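Quick one, fold the following:
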Amino acid sequence: MIEKHNLKPARGSRTTVKRVGRGNASGLGKTAGRGHKGQRARSGGRNKLKLKGLRAMVLAFPKKRGFKSTYPNVETLTLGKVAANFKPTEVVTLEELKKKQLVPKSAKVAKVVLGGEAKSAVNLKGIKTSVTAKEAIEKAGGTVK
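Below is the predicted model of the structure:
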């Protein structure tokens with residue numbers, strides 16, 4: 001049963017703010033809700049505490065580690081190795097080199113340098129060559145595209 005002495009205002013309808021530091025009878029007297037001593041109890045003490053949050057944020061982010069090259073992963077091959085693994089009629093591309101496991105799957109660019117002997121003609125397509133390797137390939141009857 002609702003009686004006069006049990007009546008209370010609806011929750012949230014009373015929005016008056018408690019005034020701090022106005023005596024013990026106010027409910028927030030003496031230390032005014034700041035506790036005893038310490039940086040937070042002092043006037044103006046909170047300003048320096050903001051740096052703590054900034055430092056925590058800096059420490060929370062991961063640090064950059066390692067090095068990532070802006071140049072593609074260039075794999076070098078000798079002309080003798082390429083000539084030994086491919087027939088004269090085959091066209092050598094980067095995909096073919098990856099299939100025969102002459103370069104790793106992560107390779108973006110392959111380059112053929114002079115080394116060994118090209119006894120048979122080699123046909124390169126989309127693969128870089130050194131000047132001397134190109135001359136040796138063309139001398140043997142191969143092509144570079």
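
did I read that right, residue 40 in a helix?
Yes: in this structure, residue 40 lies within a helix as judged by DSSP: H, G, I helix; E, B strand; the rest coil.

so the most centrally placed residue in the chain is in which element?
Nearest residue to the geometric centre of the chain (Cα atoms, centre = their mean): residue 64, 7.9 Å. For residue 64, there is no helix or strand it lies in under DSSP states H and E.

ok, it to residue 72 distance?
21 Å (Cβ to Cβ, to the nearest Å). Placement of C-beta: from N, CA and C, glycine included.

and what of residue 40?
Going from residue 40 to residue 72 by Cβ to Cβ gives 56 Å.

Equivalent analysis for residue 43, please.
As judged by Cβ to Cβ, residue 43 and residue 72 stand 62 Å apart.

tally of neighbours for residue 129?
Burial of residue 129 is recorded as 22 neighbouring residues (other Cβ atoms under 10 Å).

Could I get the pLDDT score of it?
With respect to pLDDT, residue 129 scores 89.

So what does it have for phi and psi?
Main-chain dihedrals, residue 129, degrees, to the nearest 10: phi -140, psi 150.

If anything else comes up later, I'll come back, but that's it for now.
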